[in-house]
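# let's see this in three dimensions:
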Amino acid sequence: MYKVAIIEDEIAAAAALEKMISILEPDFKICAKIPSVFESLIFFKKTNVDLVFMDVQLSDGDCFELLSKIPHINFSIIFITAYDTHAIKAFKFNAIDYVLKPIDPEELAKAIVKAKERLSSRVLIEYFLTNRNRDKPRLALSVLNETLYVNIEDIIRLEADSAYTIFVLKDRSFTVSKNIKYYEDLLEGYNFIRIHYSHLVAKNEIASRKVSTLTMSNGDVIPMSVRKRFLLK
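Model prediction:
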């Protein structure tokens, strides 16, 4: 059973969403329906939840304002929005999914499946909104039976291993059960480049380059696709 909150300022919409969630996923227990940024902040100070369905626009602000005020976001998010122009690119950094209003039950069902997969596998991403005021943004990655908190600046490169991804840090390496494209999207804007089909590298950790290879700061030699060379200019 997972604890779920709905943040929605329209009472009827919140009730309808609650009903759809209860039909689609019995394991999701709705523990609160909250209509505002102000009340949400009070709620999160006192209560832990696993998942939040969050309307983008609230009566006293928006969800990004709310998230920026939460010191540590330890729940997953599905955004609910009436506008597909609402920084959808940003959603991939911070949410499991987003669902457009009026809510299509099939789209909601797909988002719920993604959420349950994330929660059941205990794969946690520490949302980048949490890091907005941090000197060292980081990721929270589920590895075996523990969660590793990794500073982004400590990542040298990522390597695809079928459906998995190998993280190579300055002091260690480990494998995470997500494909490399997932992390390429997540790390966009943090000076990482997909220099080869199987390799994503931190640009600041490139020590030298040749025609078809890169040498990283730890000595690893990485193949470079011809069509990707322009990324280093």
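
# tell me the pLDDT at Pro99?
Wrong residue type there; residue 99 is Val, not Pro. Looking at Val99, its pLDDT stands at 88.

# so it sits in a helix?
No: counting by DSSP: H, G, I helix; E, B strand; the rest coil, Val99 is not part of a helix but strand.

# where exactly do the helices run in the chain?
11-24, 37-46, 63-68, 88-94, 105-121, 180-186 (DSSP state H).

# let's have the ones you listed in CSV, adding mean neighbour count.
Bear in mind the C-beta positions are built from the backbone N, C-alpha and C, glycine included. Supplementary listing: the helices of the chain in CSV, determined by neighbours: other CB atoms under 10 Å:
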stretch, mean neighbour count
helix 11-24, 15
helix 37-46, 15
helix 63-68, 18
helix 88-94, 16
helix 105-121, 16
helix 180-186, 17
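
# lowest-confidence stretch among those?
Minimum mean pLDDT among the helices of the chain: helix 88-94, a mean of 48.

# sorry, back to before: I'd like the helices of the chain laid out as JSON lines, including distance to Val226.
JSON lines is the format used below for the helices of the chain (distance: least, CB to CB, whole Å):
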{"stretch": "helix 11-24", "distance to Val226": "47"}
{"stretch": "helix 37-46", "distance to Val226": "49"}
{"stretch": "helix 63-68", "distance to Val226": "40"}
{"stretch": "helix 88-94", "distance to Val226": "28"}
{"stretch": "helix 105-121", "distance to Val226": "36"}
{"stretch": "helix 180-186", "distance to Val226": "19"}
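
# any idea which of the ones you listed gets closest to Lys3?
helix 105-121 (10.2 Å; CB to CB).

# what sits up against the closest one?
Residues from elsewhere that reach helix 105-121 (CB atoms under 8 Å, 6 or more residues apart in numbering): 2, 17, 20-21, 24-25, 27-28, 50-51, 76, 78, 96-100, 124, 142, 177.

# tell me which residues of stretch 70-82 come out buried.
Neighbour-count burial for stretch 70-82, counted by 16 or more other CB atoms under 10 Å, picks out Ile70, Ile73, Phe75, Ser76, Ile77, Ile78, Phe79, Ile80, Thr81.

# show me what stretch 187-200 is in contact with.
93, 137, 152, 155, 157-160, 180, 183-184, 201-204, 214, 222-225, 228, 231-232.

# cool, stretch 158-177 as well?
Residues beyond stretch 158-177 that count as contacts (CB under 8 Å, 6+ apart) turn out to be 121, 123, 141-143, 148, 150, 154-157, 178-180, 182-184, 192, 197-201, 216-218, 220.

# restricted to strands, list those residues.
141-143, 148, 150, 155-157, 192, 199-201, 216 (DSSP state E).

# out of the residues you listed, show me where the pLDDT dips lowest.
For these, the pLDDT minimum is Ser142, 73.
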